[in-house]
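> no sequence on this one, just coordinates:
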């Protein structure tokens, strides 16, 4: 473990000046420039060949710790490398900024984890974190956290909240603007996060059968994960085959034990999220959706266990106009058994695909109140509305315009009331 302040820190508290975060960096509708934050540390961390196991700009390994009001500007080299922390366990990291360069070595396939601030967060909470630096390829790469893992042994719900990424993110297998992979089935949430960096899947030899995903917010999320109030503004692309590519999540949920599963713990949600990024397929072997690429199975007697609800897509899907292995969708690329889409709107152009759902992996799935702008894509499982109809609340059956949706005089379409980075530039 290597870090400029500590290689390993156990039951410690590392805190900078509160003035680092004197006001919210996204107040006023624009994310603050990186020069607004003065780094407390400038250093070079890790072995020159990039082989360090846990390397962090400040701390290599942190357990049962609190890190707050910190800004690093280091060069970090490692197979598991984070701008601030290599690996954090049972810790809280908040109000921190990364201006560090993270270097993984010449062969990205040998690099395990890269995170703009944390390579791996195990049973941790993270909030109010910003990454400004472009990140190199690794097997799993996240703009803020490479791997966000919550084990069932930890009884607490864990969350990543109010985080933003402005750096370009590249990766091999699981790549996300905020989190590369939200792993394991402990209860976890990714809340009110925003991505502005381009996201690129670089594995040219990849296959859609691999567990591989590219997401504006998360590359892939396992069961018991909720993504809520998140917005993606970054463009996404793939150079090889990927299981799913989505403006919010590449893969949502886990593949359960067959199509007739009764495992109702296998739940995952995307709620009150939006996408403005352009999705471009440079390889035809993938499932692609404006919000979610591949939506895994839910519970056969409770469709509300795995769902996309109260979300919209404004981004172009399949901008390269490729004929993909299955139709892309304005909301979801592929929806599997017993999953549900409800109260969604698409006005982004979908090429060679459908305005709502792209396709389905099972014969039993649920869809309610899915709407799209006329001619934005084909109308399978989706009600098409004219430009004038999109301006009227009465056009959207089942939508909650008091607490969730907003559509007022002069608006061209509905937007969300509580999605922090929805209009932040």
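Yes, it's here. Because the structure is predicted, anything quoted here is derived from the model rather than measured.

> residues of stretch 4-21 that come out buried?
4, 5, 6, 7, 8, 9, 12, 14, 16, 20, 21 (16 or more other Cβ atoms under 10 Å). C-betas here are computed from N, CA, C, even on glycine.

> what does stretch 212-229 give?
212-229.

> next: stretch 155-165.
Those would be 158, 159, 160, 161, 162, 163, 164, 165, for stretch 155-165 by 16+ other Cβ under 10 Å.

> need the pLDDT of the third one.
Just to be clear, that refers to residue 160. Predicted confidence (pLDDT) for residue 160: 98.

> reformat the buried residues of stretch 4-21 as JSON lines; add pLDDT and distance to residue 89.
As requested, these are exported to JSON lines (pLDDT from 0 to 100; distance: Cβ to Cβ, whole Å):
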{"residue": "4", "pLDDT": "87", "distance to residue 89": "20"}
{"residue": "5", "pLDDT": "91", "distance to residue 89": "17"}
{"residue": "6", "pLDDT": "91", "distance to residue 89": "14"}
{"residue": "7", "pLDDT": "92", "distance to residue 89": "15"}
{"residue": "8", "pLDDT": "94", "distance to residue 89": "11"}
{"residue": "9", "pLDDT": "97", "distance to residue 89": "11"}
{"residue": "12", "pLDDT": "96", "distance to residue 89": "12"}
{"residue": "14", "pLDDT": "96", "distance to residue 89": "15"}
{"residue": "16", "pLDDT": "94", "distance to residue 89": "21"}
{"residue": "20", "pLDDT": "93", "distance to residue 89": "24"}
{"residue": "21", "pLDDT": "93", "distance to residue 89": "24"}
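
> show me these that map onto helices.
The helices, defined by DSSP state H, take in nothing from the buried residues of stretch 4-21.

> and residue 95, that one's in a helix?
No - counting by DSSP: H, G, I helix; E, B strand; the rest coil, residue 95 is not part of a helix but strand.

> residues contacting it?
20, 21, 68, 69, 70, 127, 128, 129 (Cβ atoms under 8 Å, 6 or more residues apart in numbering).

> what of residue 282?
237, 238, 239, 320, 322.

> show me the contacts for the third one.
Taking Cβ under 8 Å, 6+ apart, we find residue 239 in contact with 200, 201, 202, 203, 204, 282, 283.

> give me the pLDDT for the third one.
According to the prediction, residue 202 has pLDDT 91.

> distance of residue 119 relative to residue 98?
12 Å (Cβ to Cβ, to the nearest Å).

> so, low pLDDT: which residues of the protein?
47-50, 103-110, 256-266, 298-305, 362-364 (pLDDT under 70).

> which ones are touching the spatially most central residue of it?
Nearest to the mean C-alpha position of the chain, counting by Cα atoms, centre = their mean, stands residue 217 at 1.5 Å. Going by Cβ under 8 Å, 6+ apart, residue 217 touches 176-179, 190, 193, 195, 227, 230, 232, 248-249, 273.

> by neighbour count, which of those wins?
residue 177 (39 neighbours; other Cβ atoms under 10 Å).

> correct me if wrong: it contacts residue 200.
No - using Cβ atoms under 8 Å, residue 177 is not in contact with residue 200, being 11.1 Å away.

> name the residues contacting each of the two.
residue 169.

> picking that back up, so how far is residue 11 from the residue nearest to the centre of the chain?
Applying Cβ to Cβ to residue 217 and residue 11 gives a distance of 32 Å.

> excluding residues flanking it in the chain, which one is nearest residue 232?
With sequence-adjacent residues excluded and distances taken as Cβ to Cβ, 6 or more residues apart in numbering, residue 232 is closest to residue 216, at 2.8 Å.

> the one you found touches residue 248, doesn't it?
Yes - between residue 216 and residue 248 there is a contact under Cβ under 8 Å: 5.8 Å.

> okay, and the common contacts of these two?
Shared contacts of residue 216 and residue 248, counting by Cβ under 8 Å, 6+ apart, come down to 232, 275.

> I'd like the distance between residue 188 and residue 317.
Counting by Cβ to Cβ - residue 188 and residue 317 are separated by 27 Å.

> which one's more surrounded, the two?
residue 317 (36 against 29).

> mind checking how far that one is from residue 372?
For residue 317, the distance to residue 372 - Cβ to Cβ - is 11 Å.

> what's in contact with stretch 34-53?
Under the criterion Cβ under 8 Å, 6+ apart, residues 1-5, 16, 20, 25, 55-58, 60, 70-81, 86, 97, 99, 103-106, 111, 132, 166 lie in contact with stretch 34-53.

> of these, which belong to strands?
Under the assignment DSSP state E, the contacts of stretch 34-53 contribute 2-3, 55-56, 60, 70-77, 80-81, 86, 97, 103 to strands.

> tell me the bridge partners for residue 98.
Beta-bridge pairing of residue 98 under DSSP bridges involves residue 72, residue 131.

> likewise for residue 127?
Applying DSSP bridges, one finds that residue 127 bridges with residue 94, residue 161.

> that one against residue 160, yeah?
Yes - contact between residue 127 and residue 160 holds when scored by Cβ under 8 Å: they sit 7.2 Å apart.

> okay, and the common contacts of those two?
Joint contacts of residue 127 and residue 160 (Cβ under 8 Å, 6+ apart) do not exist.
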